[in-house]
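Engineer: model this:
(one chain, ligands or ions: 2)
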Amino acid sequence: MKTILSVKNLKKYFSVKNSWGNDVALVKALDGVDLEIESGKTFGIVGESGCGKTTLMRTLLRLVEPTSGSVVLSEEIVGEQGSSNKLEELSSEELRKFRRKIGVVFQDPMGALNPRMIIKDIVSEPLVIHGKTDRIREKVIELLENVGLSEEHLYRYPHEFSGGQRQRIVIARALALDPKILVLDEPTSALDVSVQAQILNLLNDLQKKYDLTYIFISHDLSVIEYMCDRLAVMYLGRVVEEADTDALFSNPQHPYTKALLSATPSFDKNKEKIMILGDVPSPITYLDESKAKLATEMTEQEKLEIKAIEGKGIDYIVRSSLNDVPPLIQISDRHYARVR
Ligand SMILES: Nc1ncnc2c1ncn2[C@@H]1O[C@H](COP(=O)(O)OP(=O)(O)O)[C@@H](O)[C@H]1O
Ligand SMILES: [Mg+2]
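Structural biologist: Ligands and ions are numbered 1, 2, ... in the order given. Coordinates of the predicted model:
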């Protein structure tokens, strides 16, 4: 196994201010994340909305500065000339070079494409910014052909395309500078199911062709299962379970992973059902203890719901905050979970 990038005890706390501008609380969006991303493979990050997936991606691109922790880059990314292999220590010139090695695809292609620009300019923009302007027209046509579009699309505007085609344009642009890694943040969540499959297959083909490493963020486990070699399940800013995809799907350990898996639609009527009750607890920590509200406390309504489903063969877990977090323990060779 060859590691391309590793994340070490990464924390990102956002401060919440009151109307006088004083800090009153911290949102622990990432609270000590460790990951090893393997070169040429697809690493999935799954978890429900608010668990810190996008913050993790933004920290990996150094669009936000981490509160603490480190992102260690392999030679494949920094090359040999670099003075440091830590993302947080790169000079601005080194950061510019690093950004060429990592492409990004977001969920909403319309938001990512400037509606006033034609496709030729959108796809060539990264090449122009990085001064790679020789044979730029040929390069743009090649990029479009790679994603199933062609020369005839060069002079059109984003609104003239369907959602799936727009995501193809975003992918073409993300590949313009020959990156090693693509970070894909919910790349198909905004698309119709039939189009989703085409985009996922396109991504798989491109990965083979260019030996790309993918960091694939999604809340959709069926997409994750289809795409990923390995994955981390996140809950409230932490990794609660990490394993190769087969091991995680066949032998989930953490109650939250089990609940997520049981919630994916299935035709199997005998499949075990686990319900997750309550809202996602807030990742906020109040600085003044007296203002802290207990995220773990169950509401009366939730207690009633539990009573109602007891005896119907449905298991349940209650969401909890991670005040008392078990350490990640090793389950088998490459499988870790926070269980006791
Ligand atoms: N710039 C910010 N300022 C304050 N809180 C933020 C900021 N960005 C994200 N958060 C908070 O951090 C937590 C994680 O958010 P995010 O990373 O967007 O989660 P996800 O992508 O998994 O839905 C959420 O509680 C969110 O409200
Ligand atoms: Mg997100």
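Engineer: residues of stretch 178-194 that come out buried?
Structural biologist: Using 16 or more other CB atoms under 10 Å as the test for burial, stretch 178-194 gives 179-188, 190-191. C-beta here means a position set from N, CA and C on the backbone, and glycine is covered the same way.
Engineer: who touches the residue nearest to Val78 when sequence neighbours are not counted in this structure?
Structural biologist: When the adjacent residues along the chain are set aside, Val78 lies closest to Asn85, with 5.3 Å between them (CB to CB, 6 or more residues apart in numbering). Taking CB atoms under 8 Å, 6 or more residues apart in numbering, we find Asn85 in contact with 72-75, 78.
Engineer: circling back: which member of the buried residues of stretch 178-194 is positioned nearest Gly21?
Structural biologist: Using CB to CB, the shortest approach to Gly21 within the buried residues of stretch 178-194 belongs to Asp185, at 31.0 Å.
Engineer: Show me what that closest one is bridged to.
Structural biologist: Each beta-bridge partner of Asp185 is listed here, defined by DSSP bridges: Ile217.
Engineer: Roughly how far does it sit from ligand 2?
Structural biologist: Summarising the geometry, the distance separating Asp185 from ligand 2, computed by CB to the ion, to the nearest Å, is 6 Å.
Engineer: I figured that residue hits Gln107, correct?
Structural biologist: Yes. With contact defined as CB atoms under 8 Å, Asp185 counts as touching Gln107 (6.0 Å).
Engineer: quick revisit: make a markdown table from the contacts of Asn85 and add neighbour count and secondary structure to it.
Structural biologist: Output for those, formatted as a markdown table (neighbours: other CB atoms under 10 Å; DSSP: H, G, I helix; E, B strand; the rest coil):
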| residue | neighbour count | secondary structure |
| --- | --- | --- |
| Val72 | 17 | strand |
| Leu73 | 23 | strand |
| Ser74 | 15 | coil |
| Glu75 | 10 | helix |
| Val78 | 20 | helix |
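Engineer: In these, find the pair that's most separated.
Structural biologist: Most distant of the contacts of Asn85, by CB to CB, are Val72 and Glu75, 11.0 Å apart.
Engineer: remind me which residues of the stretch 201-340 of the chain are low pLDDT?
Structural biologist: Flagging of the stretch 201-340 of the chain using pLDDT under 70 yields the residue ranges 264-324.
Engineer: please redo it, this time with the cut-off set to 90
Structural biologist: For the stretch 201-340 of the chain, the stretches flagged by pLDDT under 90 are 219-220, 235-236, 254-256, 258-327, 339-340.
Engineer: which residues of it fall in strands?
Structural biologist: 213-218, 230-235, 238-244, 273-277, 284-286, 314-318, 329-332, 335-337 (DSSP state E, counting those that start in this stretch).
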